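Asks: okay, sequence plus prediction incoming.
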Amino acid sequence: MNRRDIAVQYFSEELHCSQSVLAAFADECHITEEMAFRLGSCFGSGMRKGNVCGACTGALMVLGLMFGEEHSGSPEERQRSNHLNDRMMDRFQQVNGTCICNELLGCDITTQEGRQYARTKGLFKEFCPKMVASAVDILEEIIEEMREPPADTV
């Protein structure tokens, strides 16, 4: 199974979108599956407030663990982290129209009515896995770009 399928499988097992994306890359991040589940557990459903989609947040956690700041006071590392954040958020928004959970779902999941609407419409079962897959696809592209050797400037 590829990472996209693994993340969607985790999500189908009723993990949050954030947990699903992060756990699919746990080995790349040098963390255990359990650590990924725990770390991502408070970020699903846009941090339960309908904010930034948890799948996107899980991808940002992966980028941080793989390429984020390692040292205090390093402007170069801060700039790289900021750039990675912007690339992930911008690409997710470009592909999906927005990175905000409530906007993606078309309802306010902070309300009982909004959660019921999402359940009735099958959004958590049908739509959210597509966002998990999208986040993984974009994340893999960014990881690949980060691993490519710089072009010769000769």
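Replies: Now that the structure is in, tell me what you want to look at. None of the values given here were measured: they were computed from a predicted structure. Residues are numbered from 1 along each chain as shown.
Asks: by average pLDDT, which secondary structure element in the protein comes out worst?
Replies: helix 44-45 (a mean of 94; mean pLDDT, DSSP states H and E).
Asks: could you point out which element follows it?
Replies: Proceeding N to C from helix 44-45, the next assigned helix or strand is helix 54-67, under DSSP states H and E.
Asks: show me what that next one packs onto, helices and strands only.
Replies: helix 17-24, helix 26-29, helix 33-40, helix 75-96, helix 128-147 (3 or more C-beta pairs under 8 Å, 6 or more residues apart in numbering; DSSP states H and E). C-beta: built from backbone N, CA, C; applies to glycine.
Asks: change it to 6 Å
Replies: Helix 54-67 is packed against helix 17-24, helix 75-96, helix 128-147, with contacts defined by 3 or more C-beta pairs under 6 Å, 6 or more residues apart in numbering; DSSP states H and E.
Asks: moving C-terminal of the longest one, what's the next helix or strand?
Replies: Counting by DSSP H and E, the element after helix 75-96 in chain order, helix or strand, is helix 101-105.
Asks: what's that next one in contact with?
Replies: Ser45, Gly46, Gly50, Cys53, Thr98, Asp108, Ala118, Leu123 (C-beta atoms under 6 Å, 6 or more residues apart in numbering).
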